[in-house]
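*Asks:* build me a model:
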Amino acid sequence: MSSDQGNTSYNLSKLIDYVGDNPDTIREMIGIFIQSARELCTQMIEACANGDVGLVSKTAHKLKPSLDIFGIESLAQPIRQIEAAKDNSIECQTLYPEIMRLHQQMAVVMQQLNRDYPWAENPDLSTMA
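*Replies:* Just a heads-up that it's a prediction; the model follows:
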């Protein structure tokens, strides 16, 4: 199984090193990532809209390791900046555009993962192939 499906924003090398190269396991991990990343991005947006920079930072901290293991290098620095917002006294009004850029870039990554690993988000559909 290739860890790079051509023009992608991710690299599964670390994931494969961690869980092995079993396609079913990789699809399962991708599905978990897509679901949790979607939820965490939504939580960050909502927390920021409510002015809760502490929750924004905490949520970014939860997302950061997944971005690393999925090799999403383009988001390594932005997620760390969002995570450090509370410590750096950055208010949500200033942070919101960065969170929305992260959300948009995550949507692209999720589309690429769904394209390259069909049924990852809903493994029950794999029996329909």
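
*Asks:* buried ones in stretch 103-110?
*Replies:* For stretch 103-110, the neighbour count (16 or more other C-beta atoms under 10 Å) marks 105, 106, 109, 110 as buried. C-beta here means a position set from N, CA and C on the backbone, and glycine is covered the same way.

*Asks:* for the residue nearest to the third one when sequence neighbours are not counted, helix, strand, or coil?
*Replies:* This means residue 109. Sequence neighbours aside, residue 9 is the residue nearest to residue 109 in space, at 4.8 Å (criterion: C-beta to C-beta, 6 or more residues apart in numbering). Judged by DSSP: H, G, I helix; E, B strand; the rest coil, the three-state class of residue 9 is coil.

*Asks:* contacting residues for residue 9?
*Replies:* Residues in contact with residue 9, defined by C-beta atoms under 8 Å, 6 or more residues apart in numbering, are 72, 74, 105, 108, 109, 112.

*Asks:* pLDDT at the fourth one, what is it?
*Replies:* Residue 108 carries a pLDDT score of 94 in this model.

*Asks:* just the second one next, same as before
*Replies:* Residue 74 is assigned a predicted lDDT (pLDDT) of 94.

*Asks:* now do the phi/psi pair for it.
*Replies:* phi -70, psi -20 (degrees, to the nearest 10).

*Asks:* how far away is the closest residue to it other than its chain neighbours from residue 66?
*Replies:* Nearest residue to residue 74, sequence neighbours excluded (C-beta to C-beta, 6+ apart): residue 9, at 6.0 Å. As judged by C-beta to C-beta, to the nearest Å, residue 9 and residue 66 stand 14 Å apart.

*Asks:* this completes my enquiry, with thanks.
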